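>>> Pasted the sequence and its predicted model underneath.
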Amino acid sequence: MAKKDPFIDIRPYYDEELPYVVNRMLQSPGFINSLTNFMPDVPLNIMVKRIRKISTLDELQKKVYSPIIQTLEERSIDELTFGGYENLEKSKAYLYVANHRDIVMDSAILQEYRMLNNESTCLSGIGDNLLMSQIFTDIAKTGNMFTITRTGNARQMVTKSKLVSEYIHTNITKNHQSVWIAQRNGRTKDGCDKTQPSVLKMFCMSRRNKELFKHIKELNIVPITISYEFEPCDQMKARELILTEKNKKYEKLPDEDYRSITTGIFAYKSRVHLQFGHPINEDIDESLHFSSENEKIQYLCSLIDKQMYKHYRLWPNNYIAYDLLNNSTVFQSKYNELAKRDFNQHIRKQANIDDVSYFKMKQRLLSIYANPVRIAIENNLENITVQS
């Protein structure tokens, strides 16, 4: 009797499952529309025939998903740059812990970069709340995504989190496959990228009796920092923050996750930079004394955050927002009047919504863009520079 796959409920599809899944995907009007929209140079009937002949997930990702991501990048990004990847060992598997600004594009940009470098995509975590229909699930699971459970009672959440922890550890240490995961549950809303201790605790749920630092070192954690000149979904983020403060709890609209996905994908981003850090293994000081494992977790979070803050690329918009919010001219040498005018116009447009005051929206939007500058100042970092 064949041994049951312990990860069947969360893992991506396997190659042998692809024919059945592809047949189902090609019956989805939404998927067909995506093909015609993002790959207009190829007649639909020819594209469908090509897809039916695809026999591996890697081939599907490179022949279908890669051109779609390239089209999305071309339509919403003026300049896309990368740094630090050359310092990583290509033969090693890493756990990429990334700041999270956009639901889809954060990981999609990384995956496309790997494909352009003739590498396979890495495994990528996605919350089950985003798998809103069968076609979303099929696209995710053929795109090398594994599921992270966001809902359930306390016992269910512990069980599911331990399964994800086992899955991540197994793939990095035994299958030698890199993994991307966000540093927090949900996107950064306020512009402050901070690693949630619960994410690190989840990584450690599979360690059994192993010493915590030893287990963490096996994962080869590398922080990844993505910086957007125009923050994806900035209007939606500002509104959510304001309403959360007012009502103490934020209730999503029925289609809000879908709107966040589409807005993040299609909205203009101007310039985007993705920076790979170095393994935090190099920074862990095991001679330090910690009074509890919680302190160790906080220490590890601080090592990740330090690289995030150092590698966040500050754009003119960030400096403009800081000066406007603080009624100062501290960073006026970092931008010109044209950039200031364009940014002001963007903020005025985004601040104008029906259910929140214009003033509150404007202040919150400015703080989202200004906070990375504030963090850099507070940490005395050298990234207080501008990209000309």
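On my side now, so go ahead.
>>> Burial check on residue 78, number of neighbours?
Counted with other Cβ atoms under 10 Å, the neighbours of residue 78 add up to 12. C-beta: built from backbone N, CA, C; applies to glycine.
>>> what's the host helix or strand of it packed up against?
Here residue 78 is covered by strand 77-83, with elements defined by DSSP states H and E. Taking 3 or more Cβ pairs under 8 Å, 6 or more residues apart in numbering; DSSP states H and E as the contact definition, the neighbouring helices and strands of strand 77-83 are strand 270-276.
>>> quick one: contacts of the helix or strand following the strand it packs on?
Past strand 270-276, further along toward the C-terminus, the next helix or strand under DSSP H and E is helix 293-311. Contacts of helix 293-311 with the rest of the structure, by Cβ atoms under 8 Å, 6 or more residues apart in numbering, involve 83-84, 97, 99, 183, 193-197, 200-201, 204, 212-213, 216, 221, 223, 225, 275, 277-278, 280, 283-284, 288, 290, 375-376, 379, 381-383.
>>> which stretches of the protein have low pLDDT?
Across the chain, the stretches falling below the confidence threshold (pLDDT under 70) are 1-2, 382-388.
>>> coming back round to it: neighbouring strands of the next helix or strand after the strand holding residue 78 in the sheet, and parallel or not?
Secondary structure here is assigned by DSSP H and E; on that basis, the next helix or strand after strand 77-83 toward the C-terminus is strand 95-98. Based on DSSP bridges, the strands next to strand 95-98 in the sheet, each with its direction, are strand 179-182 (parallel), strand 221-228 (parallel).
>>> What are the structural domain limits within this structure?
Domains of the chain are assigned by automatic domain parsing as 79-232+267-313, 317-378.
>>> angle of the helix or strand encompassing residue 350 against strand 270-276?
Using DSSP H and E, the secondary-structure element containing residue 350 is helix 337-351. Interaxial angle, helix 337-351 versus strand 270-276 (axes from the mean of the first three to the mean of the last three Cα atoms, to 10 degrees): 90 degrees.
>>> which is the next helix or strand following helix 337-351?
Under the assignment DSSP H and E, the closest C-terminal helix or strand after helix 337-351 is helix 358-378.
>>> Okay, buried residues for that following helix please.
Judged by neighbour count (16 or more other Cβ atoms under 10 Å), helix 358-378 contains these buried residues: 360-376.
>>> CA atoms only for that helix, dumped as PDB, please.
Extracted in PDB, the C-alpha atoms of helix 358-378 (Å, rounded to 0.1, in the frame of the first residue of the first chain):
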ATOM      1  CA  TYR A 358      -9.900  63.700   2.600                       C
ATOM      2  CA  PHE A 359      -7.600  65.000   5.400                       C
ATOM      3  CA  LYS A 360      -7.200  61.700   7.200                       C
ATOM      4  CA  MET A 361      -6.600  59.900   3.900                       C
ATOM      5  CA  LYS A 362      -3.900  62.400   2.800                       C
ATOM      6  CA  GLN A 363      -2.100  62.200   6.200                       C
ATOM      7  CA  ARG A 364      -2.200  58.400   6.200                       C
ATOM      8  CA  LEU A 365      -1.000  58.100   2.600                       C
ATOM      9  CA  LEU A 366       1.900  60.500   3.300                       C
ATOM     10  CA  SER A 367       2.900  58.400   6.400                       C
ATOM     11  CA  ILE A 368       2.900  55.200   4.300                       C
ATOM     12  CA  TYR A 369       5.500  56.700   2.000                       C
ATOM     13  CA  ALA A 370       7.400  58.600   4.700                       C
ATOM     14  CA  ASN A 371       7.800  55.700   7.200                       C
ATOM     15  CA  PRO A 372      10.700  54.000   5.400                       C
ATOM     16  CA  VAL A 373      12.700  57.300   5.600                       C
ATOM     17  CA  ARG A 374      11.800  57.700   9.300                       C
ATOM     18  CA  ILE A 375      13.000  54.100   9.900                       C
ATOM     19  CA  ALA A 376      16.200  54.700   8.100                       C
ATOM     20  CA  ILE A 377      16.900  57.900  10.200                       C
ATOM     21  CA  GLU A 378      16.100  56.100  13.500                       C
END
